Each structure stands twice: as structure tokens, then as C-alpha cells.
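Engineer: this one's sequence-less:
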């Protein structure tokens, strides 16, 4: 694993910053939890992607202030199963481990 300070924090931005890794860990964990649930529910998630971004807070100290995740869901997910998958994502262990002061905003876009 290779990390570097992000350009906004004084680093050169030549690799993922530690805060970007947190965003990646959260997004992949949420997607993994949806995958486990989808398998149990007989739903296919192939082609689903997630993009994430972070905003830093500076008070009282520099830290992650907000994480925004956008899930582009694959077509064909039945409407009754969507909330089940979204609830599974919200229960991911990484999310439960983050400081509650970090705002986490998740959106799920369904093409159909």
C-alpha cells in the first residue's frame, strides 16, 4: 500500500491520501455489505459502482468533515429489494467505526 499527503494538505498528491483511503474503505465496505445481502436476496449487483469524495473540516482540528458516496446501481434491481440493500450498506462495519462527527451522505441511483 502506498500513501501520500494530498495536494490540499500540503502533500504532492502522487498517491492516495490517508483520508482518500478512508473514503475508499467506506465505499467498498458498503458495497460489500450490499453484495452479501444481494446474494441472500437473489439479486444481481454486477455493474454497480461507487464514487466517493471527502471534505475536510478545520475546527477544532483538521479532520474528515464529510464523506459523500454515490452508488450507481445496475439495472434490474426490484424496487422492493432496494431499501433492503441500502439498509445493508448503512450497517457496514467501517461506517460504524467512524467518528459520528463525520457527516456521511450516501445516494443510490437506479437506472430503472
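Structural biologist: Looks like it came in fine. Everything numeric in this text was worked out from a predicted model, so none of it was measured.
Engineer: alpha carbons only for contacts and neighbour counts from here, please
Structural biologist: Noted.
Engineer: any weak-confidence spans in the chain?
Structural biologist: Residue ranges of the chain with pLDDT under 70: 1-14.
Engineer: show me the helices in it, by range?
Structural biologist: Under the criterion DSSP state H, the chain contains helices at 18-41, 79-90, 93-97.
Engineer: tell me the bridge partners for residue 108.
Structural biologist: With DSSP bridges as the criterion, residue 108 is bridged to residue 71.
Engineer: show me the contacts for it.
Structural biologist: 70-73, 86 (Cα atoms under 8 Å, 6 or more residues apart in numbering).
Engineer: how about the helices of the chain, which one is nearest residue 112?
Structural biologist: helix 79-90 (9.2 Å; Cα to Cα).
Engineer: which ones are touching the most centrally placed residue in the chain?
Structural biologist: Note on the chain: the residue nearest the mean C-alpha position is residue 27, at 2.4 Å, using Cα atoms, centre = their mean. With contacts taken as Cα under 8 Å, 6+ apart, residue 27 has the following neighbours: 50-52, 69.
Engineer: you'd agree residue 104 is up against residue 68?
Structural biologist: Yes: using Cα atoms under 8 Å, residue 104 is in contact with residue 68, at 6.0 Å.
Engineer: using CSV, please lay out the contacts of residue 108 together with distance to residue 45 and neighbour count.
Structural biologist: Formatted as CSV, the contacts of residue 108 follow (distance: Cα to Cα, whole Å; neighbours: other Cα atoms under 10 Å):
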residue, distance to residue 45, neighbour count
70, 15, 16
71, 11, 19
72, 10, 16
73, 7, 19
86, 12, 19
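Engineer: need those residues in CSV with distance to residue 61, can you?
Structural biologist: Converted to CSV, these look like this (distance: Cα to Cα, whole Å):
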residue, distance to residue 61
70, 27
71, 30
72, 33
73, 36
86, 32
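Engineer: comparing the helices of the chain, which comes out most buried?
Structural biologist: Each of the helices of the chain was scored by mean neighbour count; the highest is helix 18-41, a mean of 18, by mean count of other Cα atoms under 10 Å.
Engineer: what's the angle from that one to helix 79-90?
Structural biologist: In terms of direction (axes from the mean of the first three to the mean of the last three Cα atoms, to 10 degrees), helix 18-41 departs from helix 79-90 by 140 degrees.
Engineer: fine by me, we can end here.
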